[in-house]
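1. fold the following.
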Amino acid sequence: AGGTSGALWGAALRALGAVLPADRAPGREELASAATEALAAVTSLGGAEVGDKTLVDALAPFATAFAVQLRAGAPVTEAYASAVAEARTAAEHTADLRPRIGRARPLADRSVGTPDPGATSLAAVLTAVATLPTTTGSDAV
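-> Just a heads-up that it's a prediction; the model follows:
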């Protein structure tokens, strides 16, 4: 990944992996915590907040929706699919934003009308993960 996105993805995946167990399928709380820890790692490293026109604009709604729905008892696949829909919508809405941080910031007003590439690619990856076959029975947790 070019620019800072590679470092941000790395931080997110490391944080996510640190919360998930290596010897068994994760439980609901572990999955919820993994999503929120990934978000915390990205915001801590990059300093972006929702509204800055970065991948955080898609990651924050995903992490929040996923954690809330899991903690409310939704099946994992249902919670994930709903959270992915939140991320896709949020990524699309970054087209309305003016970048305040990151590589797009120098483009300022010229970037309005174009969705943020980081938010868009994050939503695409989350969507692709939703299509992977499950073999762990994670909905049983």
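
2. list the contacts for the residue most central in space within the chain?
-> Geometric centre of the chain, nearest residue: Leu59, 2.8 Å, by CA atoms, centre = their mean. Contacts for Leu59 (CB atoms under 8 Å, 6 or more residues apart in numbering) come out as Ala12, Ala38, Leu39, Val42, Ala87, Ala119, Leu122. Heads up, the C-betas are built off the backbone N, CA and C, glycines and all.

3. need the max-distance pair from those.
-> By the measure CB to CB, Ala38 and Ala119 form the most distant pair in these, at 14.5 Å.

4. buried stuff in stretch 68-87?
-> 69-70, 74, 76, 79-87 (16 or more other CB atoms under 10 Å).

5. hmm, back to that, more neighbours, Ala38 and Ala119?
-> Taking neighbours as other CB atoms under 10 Å, Ala38 and Ala119 compare with Ala119 leading, 27 against 24.

6. I'd say that one and Thr94 touch.
-> Yes. Counting by CB atoms under 8 Å, Ala119 does reach Thr94; the two are 4.8 Å apart.

7. between those two, what contacts are shared?
-> Common neighbours of Ala119 and Thr94, using CB under 8 Å, 6+ apart, are Lys53, Asp57, Ala58.

8. in helices, which of those fall?
-> Asp57, Ala58 (DSSP state H).

9. go through the shared contacts of Ala119 and Thr94 and name the one nearest Thr127.
-> Nearest to Thr127 among the shared contacts of Ala119 and Thr94: Ala58, at 10.7 Å, using CB to CB.
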